[in-house]
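>>> The following block contains a protein sequence and its predicted model.
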Amino acid sequence: MKLTNIEFGELETLARVDLEPEERDRLRLQLDRIIGFFRKLQEVEIGGTGAVIAGGSTGVKPAADEPEDCLDREEVLGQAPDREGGFFRVPPVIDREDGGRKS
Amino acid sequence: MSGLAGKSVGELLSLYRDGAARPAEVIGDCLDTIDSRDQVAGAFLDVFRDEAIARAKELGKEDPGRLPLYGIPVAVKDNICTRGLPTTCASKMLGGYRPPYDATAVERLTAAGAIIIGKTNMDEFAMGSSNEYSAYGRVRNPWNEECTPGGSSGGSAAAVAAGMVPVALGSDTGGSIRQPASFCGVTGLKGTYGRVSRYGLVAFASSFDQIGPIASDAEGCALLMQALAGPDGKDATAIEEDCPDLLSGLDVGLAGLSFGIPEELAGWDLDPAVSSALDEVSRAVAGSGSVPETVTLPGMETSIACYYVIANAEASSNLARFDGVRYGMREDAGSLGSLYASTRTAGFGEEVKRRILLGTYVLSAGSYDAYYGKALSVREMIRKAYSDIFSRIDLLMMPSTPGPAFRLGEKLDDPVSMYLSDIFTTPANVAGLPAISIPAGLSAGGLPVGVQLVAASGREDVLLRGARGLEKLFRFRERFVPGGGDA
């Protein structure tokens, strides 16, 4: 099974990337080959073995539900590409009648 | 005094205790060596010259015996956060980023007396096996400039191999400490999953990622790991039990240890130097009174497929945070959705995009059960199989890589071939086990090859004892130096 252009385009949308045509063609062919390699997994008989997401054999222990010191707000906001007061600044999220742009 | 930068961690600690060297001299020699050798190697992305000199002067006032890593210069892979100092993951996406906190690993090393001297080059976001996927230039192997140092911790391995620092931190998700250590003729240790806190390690594949040391010998790895390891309230996956004592039994030797060797190795096209090193270990083990047991491993190629499915799935999720809003680069656009896409398209290199797309595919409806869900089950099978093997033996020995370092550019157009260079390292990540690569000898072309040991979960003490034993057998550091063949 090979990825169609439409399927690959859907992957790009989900992954939030927008490739140039040449890069898209190259990556689509490479993905076909790599996914073909992944199909080796289908040959494995897993019997009753269940899927476990945790990395360690001991699993993950939740942290205590207690307040802790957090990072300094100014220091964190200082790394933002754009900010306004105490907030990260981004383009409009909700479409408005004027096209979502501030005058 | 020159030549200090090329000393091992243990040698430097002895010099300090004997009053034969001071931290400022050692840092000075490391900085001089970096200045003279790194223009070609490209191992460092940033050198913290002023900070390291100031810290060395401070330490000069203290008692050398009080701190376990007193005055030890450490280079840190650039995906490990250093407060107020650049941390780019070798990506344009994080150009200029200065984290507001230190990784737990960095905090612990500093508290133990180490001096962070700079940040090392790597494959972008730790995705790669050759260090050619850095946005800031490739790294060259100190043994042969036309060859890759391996990856993704290629800068860390090259810095140690070229004698610029005695030790460096790497991170190992599928072999990214052990494979470059093998290619560069140094020693690289990945602990049990959870042995070292991941707090402050920029996440690639959270269920595999582990920070660990790359040093010129096993003792250096043991000294660093002892300081790095331990529970951490900031990482829910960190092992809650304390790390065993890694130093007191280090020199006990191979006698009494039981070894296993995978029968599957017979089917692999190994470099003759790798086969010869494994034979030498078998003879030494037999000489110490034990016969290596032939063991059957779960399918090696299945293991690597399992690894790449889970790692890419986790990467596609982890890297969703890079969206041009809170930190890193931004490509301005008229809407939030197009800002995300334009920033990520411009900020990520091709290998990162490839892996995010693969991860997105295996997690998408219609593929999830066949790939991601199946890989999670296969991982559990592999874990159980290794657990069974380690109920019978102490250490599993196998190659670190099938052969020595490959040439720069050789595998860039063939991702599957690049992925297969991790064939012997990914099983320890999939099973969450501690593993180490020890330099064993040189190939016919004069490039280092390594032998890998894997131990049972939580048994870094046994692993390092075995590594020290093999190190005495191979005497690699005494026999060979980069660029010169025999030492």
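Cool, got the structure. Numbers count the residues shown, from 1 in each chain, chains lettered A, B, ... in the order given.

>>> residue boundaries of the helices in the stretch 251-400 of chain B?
Remark: helices assigned in the stretch 251-400 of chain B by DSSP state H, counting those that start in this stretch are B:272-287, B:300-318, B:336-347, B:350-363, B:374-389.

>>> In the stretch 101-250 of chain B, what residue lies closest to chain A?
Here the stretch 101-250 of chain B gets closest to chain A at one residue, residue B:207, 3.0 Å apart by CB to the nearest CB. For every residue, glycine as well, the C-beta is placed using N, CA and C.

>>> and that residue, what element?
Element membership of residue B:207 [criterion: DSSP states H and E] is none; it lies in no helix or strand.

>>> Looks like it contacts residue B:310 (just checking).
Yes: counting by CB atoms under 8 Å, residue B:310 is a contact partner of residue B:207 at 6.7 Å.

>>> the more surrounded of these two?
Neighbour count, other CB atoms under 10 Å in any protein chain shown: between residue B:207 and residue B:310, residue B:310 has more, with 26 against 22.

>>> So the more buried one is in contact with residue B:378, correct?
No: between residue B:310 and residue B:378 there is no contact, the gap being 9.2 Å when judged by CB under 8 Å.

>>> For the spatially most central residue of chain A, list the residues it contacts.
For chain A, the residue sitting closest to the mean C-alpha position, by CA atoms, centre = their mean, is residue A:15 at 5.8 Å. Counting by CB atoms under 8 Å, 6 or more residues apart in numbering or on different chains, residue A:15 touches B:316, B:344, B:353, B:356-357, B:360.

>>> hmm, 7 Å instead?
Shown in contact with residue A:15 (CB atoms under 7 Å, 6 or more residues apart in numbering or on different chains): B:316, B:356-357, B:360.

>>> Select from those the one having the most neighbours.
residue B:356 (28 neighbours).

>>> correct me, but that one touches residue B:315?
Yes: using CB atoms under 7 Å, residue B:356 makes contact with residue B:315 at a distance of 6.4 Å.

>>> one step back: quick check, the residue of the stretch 101-250 of chain B closest to chain A in contact with residue B:317.
No: judged on CB under 7 Å, residue B:207 makes no contact with residue B:317 at a distance of 11.1 Å.

>>> Can you pull the residues of the stretch 201-350 of chain B lying near chain A?
Listed as neighbours of chain A in the stretch 201-350 of chain B under the rule CB under 7 Å from any CB of the partner chain: B:206-208, B:233, B:236-237, B:239, B:301-302, B:305-306, B:308-309, B:316, B:324-327, B:329-330, B:333-336, B:339-342, B:344-345, B:350.

>>> Any chance of a PyMOL selection covering the buried ones in the residues you listed?
Selection command for PyMOL covering only the buried members of these, criterion 16 or more other CB atoms under 10 Å in any protein chain shown:
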select buried, chain B and resi 206+207+208+237+239+302+305+306+308+309+316+324+325+326+327+329+330+333+335+336+339+340+341+342+344+345+350
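
>>> quick one: residue B:33 and residue B:44, what's the gap?
11 Å (CB to CB, to the nearest Å).

>>> just residue B:308 next, same as before
29 Å.

>>> And the host helix or strand of residue B:211, how far out from the chain middle?
For residue B:211, the enclosing helix or strand under DSSP H and E is strand B:210-215. How far strand B:210-215 lies from its chain's middle: 5 Å, per CA atoms, centre = their mean, to the nearest Å.

>>> ditto for stretch B:288-304
The chain centroid and the centroid of stretch B:288-304 are separated by 22 Å under CA atoms, centre = their mean.

>>> what's the answer for stretch B:125-136, then?
Here stretch B:125-136 is found 13 Å from its chain centre; the criterion is CA atoms, centre = their mean.

>>> Is there proximity between it and chain A?
No: judged by CB under 7 Å from any CB, stretch B:125-136 stays clear of chain A, getting no closer than 13.1 Å.

>>> which outside residues touch stretch B:86-96?
For stretch B:86-96, the external contacting residues (CB under 7 Å, 6+ apart) are B:45-46, B:78-79, B:81, B:97-99, B:119, B:121-125, B:134-136, B:202, B:322, B:328-329, B:347-349.

>>> Those residues in strands, which ones?
Mapping these onto strands (DSSP state E) picks out B:45-46, B:119.

>>> Excluding chain neighbours, give the residue nearest to residue B:179 in space.
residue B:150 (4.6 Å; CB to CB, 6 or more residues apart in numbering or on different chains).

>>> What strand or helix carries the closest residue to residue B:421 other than its chain neighbours?
The shortest distance from residue B:421 to any residue other than its chain neighbours is 4.9 Å, reached at residue B:129 (CB to CB, 6+ apart). If you go by DSSP H and E, residue B:129 is not part of any helix or strand.

>>> Which elements pack onto the helix ranked longest in chain A?
Secondary structure of chain A per DSSP state H: the longest helix is helix A:21-38. Contacts defined by 3 or more CB pairs under 7 Å, 6 or more residues apart in numbering or on different chains; DSSP states H and E place helix A:21-38 against helix B:300-318, helix B:350-363, helix B:415-420.

>>> can we see that at 10 Å?
Judged by 3 or more CB pairs under 10 Å, 6 or more residues apart in numbering or on different chains; DSSP states H and E, the packing partners of helix A:21-38 are helix A:5-15, helix B:300-318, helix B:350-363, helix B:415-420.

>>> Please name every helix or strand in contact with the longest one.
When you say that, I think you mean helix B:300-318. So helix B:300-318, by 3+ CB pairs under 10 Å, 6+ apart, packs with helix A:5-15, helix A:21-38, helix B:350-363, helix B:374-389, helix B:415-420, helix B:426-431.

>>> any chance of those helices in CSV, with distance to residue B:146 and mean pLDDT too?
Formatted as CSV, the helices and strands packed on helix B:300-318 follow (distance: least, CB to CB, whole Å; pLDDT from 0 to 100):
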stretch, distance to residue B:146, mean pLDDT
helix A:5-15, 35, 95
helix A:21-38, 25, 94
helix B:350-363, 21, 97
helix B:374-389, 36, 94
helix B:415-420, 17, 83
helix B:426-431, 27, 96
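
>>> so of the ones you listed, which one's packed in deepest?
helix B:426-431 (a mean of 28; mean count of other CB atoms under 10 Å in any protein chain shown).

>>> ok, that helix near chain A or not?
Yes: using CB under 10 Å from any CB of the partner chain, helix B:426-431 reaches chain A at B:429-431.

>>> Show me where the stretch 151-300 of chain B dips below the pLDDT cut-off.
For the stretch 151-300 of chain B, not a single residue meets the criterion pLDDT under 70.

>>> do the same with chain A
A:1, A:54-60, A:95-103.

>>> what helix or strand is residue A:46 on?
Per DSSP H and E: residue A:46 is located in neither a helix nor a strand.

>>> same thing with residue A:69?
Using DSSP H and E, residue A:69 falls outside every helix and strand.

>>> Among the contacts of residue A:15, which one sits closest to residue A:25?
Nearest to residue A:25 out of those is residue B:357 (CB to CB; 13.3 Å).

>>> Touching, that closest one and residue A:8? I think so.
Yes: between residue B:357 and residue A:8 there is a contact under CB atoms under 10 Å: 8.0 Å.

>>> joint contacts of these two?
A:19, A:27-28, A:31 (CB atoms under 10 Å, 6 or more residues apart in numbering or on different chains).

>>> was I right about residue B:12 contacting residue B:26?
Yes: Residue B:12 lies in contact with residue B:26 (CB under 10 Å); the separation is 6.3 Å.
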